[in-house]
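Asker: sequence first, then the predicted structure:
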Amino acid sequence: MLKYLVVYASETGNTKMIANEIYDAIKDRSKELINVRQWNGTHEAENYFIGFWANRGSCSLEIIDLLSSLHHKNIALFGTCGMGNSDQYYQQIARTASAWLSQDNHYLGSYFCQGKMPMQIRNKYEQCRGKCDDSQIDEMIRNFDEALLHPDKQDLLKANVFTDQMLRKISS
Ligand SMILES: Cc1cc2nc3c(=O)[nH]c(=O)nc-3n(C[C@H](O)[C@H](O)[C@H](O)COP(=O)(O)O)c2cc1C
């Protein structure tokens, strides 16, 4: 059986960037990196790093299927979302996803960072001007523009540190 499996869902590449970083940070040779769409239950491992992008506060059905199928595994979650700089929000997303894990697994922790969003989202915000609270729209656009810069080098570095922490937890 594989020692480490890094599985990710990524529509526009942000989460894939973090997945690549985590995969590279695992120095053990017994490892594999796959898109969740390639996962068919046959890629079994002792330890999982499972990544996804925040989709309306949750994760995709493919990720839910994977999470709920696992038993007696060490599992760390990671991902990206449009919202920046809010550990509380990041933890909420991780909590929502980890709720799909069976109790017999060992949940290790999570790492999330901001990721750029499609321009249509910014256009939608702009269309709300005059109809909604403009100061709220300004804040959402400020967050959107900040997200365009992520994941950045710092985010990747943090993913690296996170991986080290998770590996230490696994070996202790
Ligand atoms: C349909 C849709 C729903 C989204 N829902 C959320 C959300 O609930 N919370 C959030 O912070 N970001 C949300 N985002 C932003 C994405 O999670 C973010 O851009 C992420 O980095 C995309 O990752 P990917 O490039 O790996 O697909 C949403 C984006 C789309 C397109």
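Answerer: Looks like it arrived, so ask away.
Asker: what number of residues lie near the residue nearest to Arg37 when sequence neighbours are not counted?
Answerer: Excluding its sequence neighbours, the residue lying closest to Arg37 (Cβ to Cβ, 6 or more residues apart in numbering) is Glu62, at 6.7 Å. (C-beta placed from N, C-alpha, C; glycine too.) Neighbourhood size, Glu62 [other Cβ atoms under 10 Å]: 15.
Asker: per-residue pLDDT, Glu62?
Answerer: We have a pLDDT of 95 for Glu62.
Asker: longest helix of the protein?
Answerer: For the chain, the longest helix by residue count, based on DSSP state H, is helix 153-171.
Asker: what are the buried residues along it?
Answerer: By neighbour count with 16 or more other Cβ atoms under 10 Å, helix 153-171 contains the buried residues 155-156, 158-160, 162-163, 166-167.
Asker: just those that are near the ligand?
Answerer: Near the ligand, judged by Cβ under 6 Å from any ligand atom, there are no entries from the buried residues of helix 153-171.
Asker: closest to the ligand out of those?
Answerer: Among these, Asp155 lies closest to the ligand (Cβ to the nearest ligand atom), at 10.4 Å.
Asker: now do Gly82 against the ligand, distance only.
Answerer: Per Cβ to the nearest ligand atom, to the nearest Å, Gly82 is found 3 Å from the ligand.
Asker: near the ligand, which residues of the protein show up?
Answerer: Counting by Cβ under 6 Å from any ligand atom, the residues of the chain close to the ligand are 10-16, 53-57, 80-83, 115-118.
Asker: select only the buried ones of the residues you listed in ChimeraX?
Answerer: Applying 16+ other Cβ under 10 Å to those, the buried members can be selected in ChimeraX as follows:
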select :10,14,15,16,53,54,80,81,82,83,115,116,117
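Asker: out of the residues of the chain next to the ligand, list just those in helices.
Answerer: 14-16.
Asker: looking at these, spot the one nearest Phe144.
Answerer: Nearest to Phe144 among those, counting by Cβ to Cβ, is Asn14 at 13.7 Å.
Asker: next up, phi/psi of Leu67, please.
Answerer: As for Leu67, its main-chain torsions (degrees, to the nearest 10) stand at phi -60, psi -40.
Asker: what sits closest to it if chain neighbours are left out?
Answerer: Leaving aside its chain neighbours, Leu67 sits nearest to Trp100 (3.9 Å; criterion: Cβ to Cβ, 6+ apart).
Asker: can you give the domain ranges for the protein?
Answerer: Following the assignment in automatic domain parsing, the chain carries domains at 2-115+151-171, 116-149.
Asker: Ser86: neighbouring residues, count only.
Answerer: 14.
Asker: so who does it touch?
Answerer: Residues counted as contacts of Ser86 (Cβ atoms under 8 Å, 6 or more residues apart in numbering): none.
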